[in-house]
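Asker: sequence below, structure please.
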Amino acid sequence: MRVFYFIFSVLAYVIGVGSMAGLFYYVQFIVDRNLVPFTWNAVLWNCLLFLIFPLQHSLLARPAIKKIFPSTLERSIYVATSGIAMWIILFEWNRVGPILYEVPSPWSYLIDALFYVTLILIILTTREMDHWRMFGVSQGYATWKRTELPPGELKTSGLYAYIRHPLTSLFIVVLWCHATMSMGRLWFNLWFTFYALAGTIFEERDLKRTFGQKYLLYERRVGAFVPRLNK
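Answerer: Predicted structure coming up:
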């Protein structure tokens, strides 16, 4: 039975990380293509569609739901369901016009370069944060091998020495770092920016509960999303 936990964690990883790759491809190449005329019905549909995320999170947070699944699979279930929610949004999102602005070349090439550099930094940052544990594979493997994972550590090196939430900051840069801006992209970016910032609020709460005074000292020293200049 334990081997199936590991297999599930790998499948969840494929779904979750695949959805993130799909998101980055979508915002770079698709969201401003084949635009439909602006209507408030299309915008309303997009808003309702995005509610999949808070619905998924609130359901998984309920104690009655948590009791259904083994605690060792909690992270993998979160990764898998988040990935499914992302794929639904990407396939069903209304790409609404008009184009609000378009940055001409050669400036557009610089914007594209910043986008790809930011993607590389995101990948490197997930490696700093223990990539496999972050996406639930380590938990599935530990269950299979009947071993205990060591407690998570507060990360304060690398980018975390300058920003407490570099993944959030980098994700927001990826969203907004584009040479074109359609009305559909604007709504897409606003929703995902709000989602990222709201998620960080809950993450901060959990970090304070887990690391206590150590995190409070770190919070005083390091900025949340941008480096502090008065250190």
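
Asker: poorly predicted segments of this protein, please.
Answerer: Where the chain drops to pLDDT under 70, the residues are 230-231.

Asker: next, please give the residue ranges for the strands of it.
Answerer: Under the criterion DSSP state E, the chain contains strands at 99-102, 180-182.

Asker: count of neighbours near the closest residue to residue 81 other than its chain neighbours?
Answerer: Excluding its sequence neighbours, the residue lying closest to residue 81 (C-beta to C-beta, 6 or more residues apart in numbering) is residue 56, at 5.2 Å. (Glycine included, C-beta is placed from N, CA and C.) By other C-beta atoms under 10 Å, the residues close to residue 56 number 16.

Asker: so what's residue 56 up against?
Answerer: 81-82, 85 (C-beta atoms under 8 Å, 6 or more residues apart in numbering).

Asker: nearest to residue 119, out of the strands of the chain?
Answerer: Taking C-beta to C-beta, strand 180-182 is the member of the strands of the chain nearest to residue 119, at 17.9 Å.

Asker: could I get the buried residue list for the closest one?
Answerer: 181-182 (16 or more other C-beta atoms under 10 Å).

Asker: run the chain-centre distance for it.
Answerer: Counting by C-alpha atoms, centre = their mean, to the nearest Å, strand 180-182 is centred 22 Å from the centre of its parent chain.

Asker: follow-up on the earlier one: what distance do you get for the residue nearest to residue 81 to residue 136?
Answerer: Applying C-beta to C-beta, to the nearest Å, the value for residue 56 to residue 136 is 15 Å.

Asker: also residue 11?
Answerer: 10 Å.

Asker: which of the two has more residues huddled nearby?
Answerer: Higher neighbour count among residue 11 and residue 136: residue 136, with 24 against 15, using other C-beta under 10 Å.

Asker: give me every residue that touches that one.
Answerer: 9, 12-13, 16, 73, 75-76, 78-79 are the contacts of residue 136 under C-beta under 8 Å, 6+ apart.

Asker: tell me which two in the residues you listed are the farthest apart.
Answerer: So, the contacts of residue 136 by C-beta to C-beta: farthest apart are 16 and 73, at 13.3 Å.

Asker: more crowded one of these two?
Answerer: Taking neighbours as other C-beta under 10 Å, residue 16 and residue 73 compare with residue 16 leading, 23 against 19.
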